[in-house]
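1. please find the sequence and the predicted model below.
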Amino acid sequence: MPIMKKLITIALIFLFVGNSSLSAQENLRSGFIVTLSGDTVHGFIDFKDWTMNPSKVHFKKTENEEGQYYDPYDIRLFAMDSDIYEGGFVDVELSSRESGNYSNNPNLFLEKQLVFLQQLIKGSRPLYVNGNSVYDQYYIKTDSAFELLAYKIYLKEIKTDYGQKDVVIENNRFIGQLAIYLADCQNIGPALAKSKYNEESLKKVFKKYYVCKNENYKVLEPKRNLSIKFGLCYGVSFTGVDFEVYNFEKAERTNYRVMPFGLSLELGRTVSHPEWSIYNEFTYNGPFFLSDKVIEERPSYYMVETTSFEFYSLKLLNLLRYKFKPQNKFVYFANIGLATEIYKGYWSRTHDGIILNEDFYGSSGYNKKFRLNRLVAGVGVNYRHFSLGGRFETGNHLNKLSPGASVMLNYTF
């Protein structure tokens with residue numbers, strides 16, 4: 001299978017690293033912009049892998065037109081579902097937060113920049129983040145102006161019994177700013193006292209505020225480029241396996257139907273390459289059971305020979321998946337990849353009878369374990385959390401494995 005392994009390696013590189021031509025492809029999402037005059041224009045936004053706040057956005061009124069690039073000079077905001085970016089002049093703090101590079105100055109080093117801020121909390125008291133700065137910096141909005149929530153780590157020199165020593169100090173002025181911003185909730189104090197300068201902690205503070213005020217709000221969860229989906233799978237599989245049982249020809253001609261079940265894991269890049277993903281499945285398959293009885297009867301001789309075996313397999317499936325129109329309600333997909341199965345089981349043969357009027361009983365058997373590889377291809381359809389797929393698996397002549405087929409139902413969390 002060296003060729004197949006090379007193909008899978010190439011596919012992984014294509015999916016998770018990509019190349020310049022693929023990066024240039026458009027990934028249009030329904031959205032809108034708000035102009036400087038306050039007009040809302042609906043259309044399509046080219047959604048990129050924005051690990052930082054974008055400096056500009058490509059917007060089209062229709063999918064087929066060339067469109068235009070906009071920066072914060074041109075529009076107030078742009079939005080796609082839970083991704084909302086507002087433009088404006090803001091203060092950006094330039095001090096380092098890397099250990100060993102702390103400043104000895106407690107004051108903030110500020111610079112005015114025109115940026116798109118990403119909205120984290122939508123409501124009467126919004127919260128924003130700027131991921132384009134030295135570190136994530138957070139903002140509140142009063143009237144039409146953005147205000148930086150001030151925070152800085154710096155060194156302060158103190159005297160000890162052994163001389164001078166630098167200690168790390170935090171400038172937590174953001175807590176006082178939030179106390180004023182959220183002052184109409186009298187119970188917000190304890191939450192502010194425990195707050196930290198990170199997204200998770202600040203969101204908790206704002207949630208407590210809106211619960212306190214009994215106001216509607218929305219926590220925005222922006223789309224991330226790495227998608228990880230876990231699932232459960234169950235189905236039916238038809239295949240033929242020769243378990244190489246000694247002097248048991250019936251085993252060579254047997255096709256088996258088993259009911260595999262197990263776990264799945266799908267990795268994708270929903271922003272930059274939503275059509276592609278890596279689908280992995282680990283299932284238990286079995287039992288593969290067969291039994292045969294032969295009776296020999298002669299004068300003074302009666303013998304029953306019983307041959308049986310029971311195997312099961314653990315199957316690991318690695319598939320490259322391509323989705324057709326991944327933003328639609330029904331998503332059709334095609335798979336290709338490699339299946340690796342480890343078979344384990346027990347073979348036994350017994351002789352039970354009477355020879356010359358004497359009872360006779362004998363038995364033999366052994367455990368067996370082996371591994372098989374084969375190619376897999378198939379198609380399927382996905383609807384919300386459910387997907388149904390059919391697959392074809394090639395045979396393996398050297399290991400006496402015949403082609404197989406299966407149908408699997410998958411539920412994704």
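-> Received the coordinates, thanks.

2. helices of the stretch 151-300 of the chain, start to end?
-> 173-181, 189-193, 199-213, 249-252 (DSSP state H, counting those that start in this stretch).

3. so what are the sheet partners of the strand or helix carrying Asn367 and their directions?
-> In this structure, Asn367 sits in strand 358-383 according to DSSP states H and E. Strand 358-383 has the following strand partners under DSSP bridges: strand 330-355 (antiparallel), strand 386-393 (antiparallel).

4. buried sites along that strand?
-> For strand 358-383, a neighbour-count test (16 or more other CB atoms under 10 Å) marks Leu372, Arg374, Leu375, Val376, Gly378, Gly380, Asn382 as buried. All C-beta atoms are positioned from the backbone trio N, CA, C, and that covers glycine.

5. centre-most residue in this protein?
-> The structure's the chain has its C-alpha centroid closest to Ile228; by CA atoms, centre = their mean the separation is 0.8 Å.

6. the stretch 1-150 of the chain: helices as residue ranges?
-> Counting by DSSP H, counting those that start in this stretch, one finds helices in the stretch 1-150 of the chain at the ranges 2-16, 20-23.

7. in the chain, what spans have low per-residue confidence?
-> Residue ranges of the chain with pLDDT under 70: 1-26, 49-52, 224, 245-254, 397-399.

8. quick one: contacts for the residue located most distally from the centre of it?
-> Distance from the C-alpha centroid of the chain, by CA atoms, centre = their mean, peaks at Pro299 (70.6 Å). Residues in contact with Pro299 (CB atoms under 8 Å, 6 or more residues apart in numbering): none are found.

9. my guess is Asp46 contacts Leu28. True?
-> Yes. Counting by CB atoms under 8 Å, Asp46 touches Leu28, with 6.0 Å between them.

10. which residues are common contacts for these two?
-> Lys60.

11. what about the residue lying closest to Phe230 once chain neighbours are set aside, neighbour count?
-> Among residues not flanking Phe230 along the chain, Phe413 sits closest, at 5.2 Å (CB to CB, 6 or more residues apart in numbering). For Phe413, the count of nearby residues is 7 (other CB atoms under 10 Å).

12. how close does Phe413 sit to Asp46?
-> Distance from Phe413 to Asp46, counting by CB to CB, to the nearest Å: 30 Å.

13. what do you get for Leu77?
-> On the measure of CB to CB, Leu77 and Asp46 end up 16 Å apart.

14. between those two, which one's more packed in?
-> Leu77 (19 against 16).

15. which residue is the nearest non-sequential neighbour of that one?
-> Using CB to CB, 6+ apart, the closest residue to Leu77 is Glu86 (4.3 Å).

16. give the contact list for Asn105.
-> Contacts of Asn105 by CB under 8 Å, 6+ apart are Tyr154.

17. likewise for Thr283?
-> Contacts of Thr283 by CB under 8 Å, 6+ apart are Cys233, Pro260, Phe261, Gly262, Leu263, Leu314, Lys315, Leu317.
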